[in-house]
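predicted model, plus sequence, below.
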Amino acid sequence: MLSLLRASSNYHKIGLRAISSTGKFTDSFLNSLPKDIKTHEDLYNYSIERPDIFWGNLARDSITWMKNFQTTMDCNMKTASFKWFSDGLLNASVNCVDRHLKNANKTALIWEKDELGEREFVSYAELYKMMNQIANVLRERGVKKGDVVAIYMTNSPLAVASMLACTRIGAIHAVIFAGFSSGAIASRIENCKANVIITVDEGYRGGRVIPLKEVVDEAIKKSSQPIKHVLVAKRSGKGHVKMKSGRDVYLEDAMLQVESECHPESMSSEDPLFYLYTSGSTGAPKGLVHSTAGYLLYTSFTHKIIFDFCEHDIFGCVADIGWITGHSYIVYGPLMNGGTSVLFESTPTYPDPSRYWKLVEELGITQFYTSPTAIRQLMKYEDSYVLNSDKSSLRTLGSVGEPINIEAWNWYNDLVGRNRCDIVDTWWQTETGGICITPRPSELNAEIVPALGMRPFLGINPVLLDDKGNEIKENNKQGSLCLKTPWPGMARSIYDDHKRYQETYFSAFPGYYFTGDGAYRTKEGYISIVGRIDDVINVSGHRLGTAEVEDVLTKHDNIVEAAVVGYPHDIKGEAIYAFVVPKNLDEGVKKFEKGIQKLVKDNISGFAVPEKFQFCEDLPKTRSGKIMRRILRKIAIGDDSFGDISTLANPSIVDKIFKSRV
């Protein structure tokens, strides 16, 4: 028996070639498998040993093709060259919307607005119309196949429709998180060379008004990239935002002036679907390039199998569409599968900490996907906020963004899941496109160990490497987490900088994809994610390069030098500790700190503001001038086991910093 998921359906209870009745696999895919595949382990091994057949047959079954492909894969891990289904033709919007119009009245999106009780339901027919209208608005403004459109919007149906409208006409969308500053937007639109921006007059979050259009205007002033058109959605509709004649137009007004049908562009499998920016260990954010066919296949497959998603389920991923989680598990995964996806605009505690659980009860959410940061935030409040809502509709609970700690896992399992839901602690990255390590799928009734990723997904081949690049075969060992073989959902490049892509992910251990994370293999052989190896800090699930924050800090006129490190935080998982060397403190510490906080918020975002500042006369450095962040990390957590520091250029400074730590 093939046991892929422990679900409320009969998925585990029927034989291999009968499981098509659950909708997880088609008969043609099942019939393509060798007769000796009887268990999940068999299927996993087959996906690793014969990826060409495994992924090829899945792609033929899962994707609606305009022209079928002949070659499944042409990949080289040493040269960082990856092509999947490369001679096939398709369109993402057709796969996400058009093909589901046989159930045109089915709800595609449920928009849970910021204010409690304000909710909109959008059918596939309505999404189809919105998408086509926005596509025609873009075409009227000269946007064509291969052009880039920047999107700076909070979660809404129009934001999703805008993403799909880009794919309709072959344009590439670059969604920018709606919490980013004007400086961060400016750098991204310059890098991706967008000349059209879709935004919102104002956004709402947690009872606050977010002036998105105002921020976009500031970004355009700061950027050297000429912006020809700004399309502004009316979220508040108050009409008091500034509109520049000849450039700015209200999106809804423009949509009324165009047809509601738009012919879809025929796209190659390897044509870029979107660019999405993520932080790196250097200061410049990376615009990761995701392909069309491979990404769509991988996100839809992981969504369906890991979460046990069925046709009538309500999928509740409460992330933001500005991050990869929102792209993969609010938009593309659920819509590829013809599902109903929730768009959550608010926060977990607005207007009170019962918000998530009332949402689950009122909508009948079957899968709920959130971050450990949100869980830890909710743990501070009375249990009654959770217990007073009916959560019996839930089957699967997911965790994403960072490793979940055991206390948060237990709270999630006991109070939310009532010890009856699978908890899938998922490890993946913007670069991987979709989930790679997670407890499900597995054999029938296989255990789930709290707070562990545990098992590789089908087609994912993780290894641990030592410092010399040798594979660590034994259990009870820790090493650098790498992926040994390619998979369809992986990012293809960094926009306009393939050399950086190769150097970042494939040079540390040639022939392997280097994740930048460390991992531990337990005595049972399960995988436990330890955390970042490189200079990247994970704050509330947001990845930030240390260099990115340091570059902003040193822009301050009164800062000579700065170094930032991450340290454990009860709510955020990690927070930022900034070690700052000032020219002087004449203006006073508090005023100085406020100025630095504003600088970081204005240039990156509020989540990038350091939690702690320590002012130092110098920083510990090697004789070659390299800042010893290893020592600063120890100081940040109060650990004085520095080892031999006699070879530092300034060993005495270590004790001084330690004694005055915040």
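Right, received. Where do you want to start?

surely N95 is in contact with L296?
Yes - the criterion here is CB atoms under 8 Å, and N95 meets it with L296 at 6.0 Å. C-betas here are computed from N, CA, C, even on glycine.

common neighbours of these two, please.
I63, M336 (CB atoms under 8 Å, 6 or more residues apart in numbering).

could you check which of the two is surrounded by more residues?
L296 (29 against 25; other CB atoms under 10 Å).

next, the contact list for the more buried one, please.
Contacts of L296 by CB under 8 Å, 6+ apart are I63, L90, A92, N95, L273, Y332, M336.

keep only those of the residues you listed that are in strands.
Among the contacts of L296, the members falling in strands (DSSP state E) are L90, L273.

who wins on neighbours among the contacts of L296?
If you count neighbours using other CB under 10 Å, the busiest of those is Y332, which has 30 neighbours.

measure it to S182 for me?
Distance of Y332 to S182, given as CB to CB, to the nearest Å: 28 Å.

what's the answer for T26, then?
Taking CB to CB, one finds T26 at 48 Å from S182.

which one of the two has more residues nearby?
Higher neighbour count among T26 and S182: S182, with 19 against 15, using other CB under 10 Å.

from memory that one sits against V215, does it?
Yes - at 5.1 Å, S182 counts as touching V215 under the criterion of CB under 8 Å.

returning to that earlier point: from the contacts of L296, pick the one nearest P351.
Ranked by distance to P351 (CB to CB), the contacts of L296 are led by Y332 at 31.1 Å.

for G56, see how far away that closest one is.
In terms of CB to CB, Y332 sits 20 Å off from G56.

all strands of the stretch 451-600 of the chain, in order?
Remark: strands assigned in the stretch 451-600 of the chain by DSSP state E, counting those that start in this stretch are 462-465, 477-483, 493-494, 513-521, 527-532, 536-539, 542-545, 559-569, 573-582.

wait, which of the ones you listed is closest to E471?
strand 462-465 (5.1 Å).

by contact count, what packs against the closest one?
Here strand 462-465 touches strand 477-483, strand 513-521, going by 3 or more CB pairs under 8 Å, 6 or more residues apart in numbering; DSSP states H and E.

partner strands of the first one and their direction?
If I follow you right, that is strand 477-483. strand 462-465 (antiparallel), strand 513-521 (antiparallel) (DSSP bridges).

Throw these into TSV and include distance to E550, mean pLDDT and mean neighbour count, thanks.
As requested, these are exported to TSV (distance: least, CB to CB, whole Å; pLDDT from 0 to 100; neighbours: other CB atoms under 10 Å):
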stretch	distance to E550	mean pLDDT	mean neighbour count
strand 462-465	28	98	20
strand 513-521	18	94	21
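
how about CSV for the ones you listed, with distance to P620 added?
Below are the strands paired with strand 477-483 laid out as CSV (distance: least, CB to CB, whole Å):
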stretch, distance to P620
strand 462-465, 29
strand 513-521, 23
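
out of those, which gets nearest to I423?
strand 513-521 (19.1 Å).

and the angle from the closest one to strand 527-532?
Interaxial angle, strand 513-521 versus strand 527-532 (axes from the mean of the first three to the mean of the last three CA atoms, to 10 degrees): 120 degrees.

so V581 makes contact with T554?
No - V581 is beyond contact range of T554, at 9.6 Å (criterion: CB under 8 Å).

between the two, which contacts overlap?
Joint contacts of V581 and T554 (CB under 8 Å, 6+ apart) are V560, E561, A562.

how is this structure partitioned into domains?
What automatic domain parsing lists as the domains of the chain is 1-70+350-454, 107-273, 461-533, 536-659.

and the shortest one, how far out from the chain's middle?
Spelled out, it's domain 461-533. Here domain 461-533 is found 18 Å from its chain centre; the criterion is CA atoms, centre = their mean, to the nearest Å.

got the end-to-end distance for it?
End-to-end distance for domain 461-533: 20 Å, by CA to CA, to the nearest Å.

and the second one, by the same measure?
Distance between the boundary residues of domain 107-273 (CA to CA) amounts to 24 Å.

the chain should start at 9 in everything you say after this.
Shifting the count to begin at 9 puts that one at domain 115-281.

what average pLDDT does it get?
For domain 115-281, mean pLDDT rounds to 98.

how about E269, nearest residue that isn't a chain neighbour?
Setting aside the residues directly before and after it, E269 is nearest to N140 in space (CB to CB, 6 or more residues apart in numbering), at 5.6 Å.

am I right that that neighbour falls within a strand?
No - applying DSSP: H, G, I helix; E, B strand; the rest coil, one finds N140 to be helix, outside a strand.

E273 falls within a helix, correct?
No - counting by three-state DSSP, E273 falls outside a helix, being coil.

distance of it from Y521?
Per CB to CB, E273 is found 31 Å from Y521.

again with K250
Counting by CB to CB - K250 and Y521 are separated by 46 Å.

now S164
Distance, S164 to Y521, by CB to CB: 34 Å.

just the terminal-to-terminal distance for stretch 550-570.
For stretch 550-570, the end-to-end distance is 21 Å (CA to CA).

buried residues, that stretch. List them.
For stretch 550-570, a neighbour-count test (16 or more other CB atoms under 10 Å) marks 550-561, 564, 567, 569-570 as buried.

ok, now stretch 364-377?
Y364, W365, K366, L367, V368, E369, L371, I373, T374, Q375, F376, Y377.

which of these fall within helices?
The helices in this structure, assigned by DSSP state H, contain Y364, W365, K366, L367, V368, E369, L371 from those.

can you redo the shared contacts of V589 and T562 as CSV with distance to R428?
Shown next, in CSV, are the shared contacts of V589 and T562 (distance: CB to CB, whole Å):
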residue, distance to R428
V568, 57
E569, 54
A570, 49
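
tell me the one of those nearest V326?
Among the shared contacts of V589 and T562, and counting by CB to CB, the member closest to V326 is A570, at 34.0 Å.

where's D256 relative to K246, distance?
Applying CB to CB to D256 and K246 gives a distance of 15 Å.

who's more crowded, those two?
Taking neighbours as other CB under 10 Å, D256 and K246 compare with D256 leading, 19 against 10.

leaving out the residues flanking it, which one is nearest to the more buried one?
V238 (4.6 Å).

which ones are touching the residue nearest to E269?
Applying CB under 8 Å, 6+ apart, the residues near N140 are A173, R176, E267, S268, E269, C270.

helices - which of those land there?
Mapping those onto helices (DSSP H) picks out A173, R176.

A555 touches D543, doesn't it?
Yes - using CB under 8 Å, A555 makes contact with D543 at a distance of 6.7 Å.

where along the stretch 259-408 of the chain do the strands fall?
Using DSSP E, counting those that start in this stretch, strands in the stretch 259-408 of the chain cover 275-276, 280-286, 294-299, 322-325, 348-352, 375-378, 404-407.

tell me the one of the buried residues of stretch 550-570 nearest T440?
Using CB to CB, R551 comes nearest to T440 of the buried residues of stretch 550-570, at 13.0 Å.

mind listing the residues bridging to that closest one?
Bridge pairing for R551 - DSSP bridges - gives N546.

what of I584?
Beta-bridge partners of I584, as defined by DSSP bridges: G574.

kindly state the pLDDT recorded for it?
Value listed for I584 in the pLDDT field: 96.

thought it was touching V617?
Yes - between I584 and V617 there is a contact under CB under 8 Å: 7.5 Å.

neighbour count winner among the two?
I584 (24 against 20).

would you mind measuring from the more buried one to L640?
Distance, I584 to L640, by CB to CB: 12 Å.

what touches both of these two?
With CB under 8 Å, 6+ apart, I584 and L640 have common neighbours V573.

between the buried residues of stretch 550-570, which is nearest Q437?
R551 (8.4 Å).

quick one, what contacts the closest one?
Applying CB under 8 Å, 6+ apart, the residues contacting R551 are T286, S287, T438, V544, I545.
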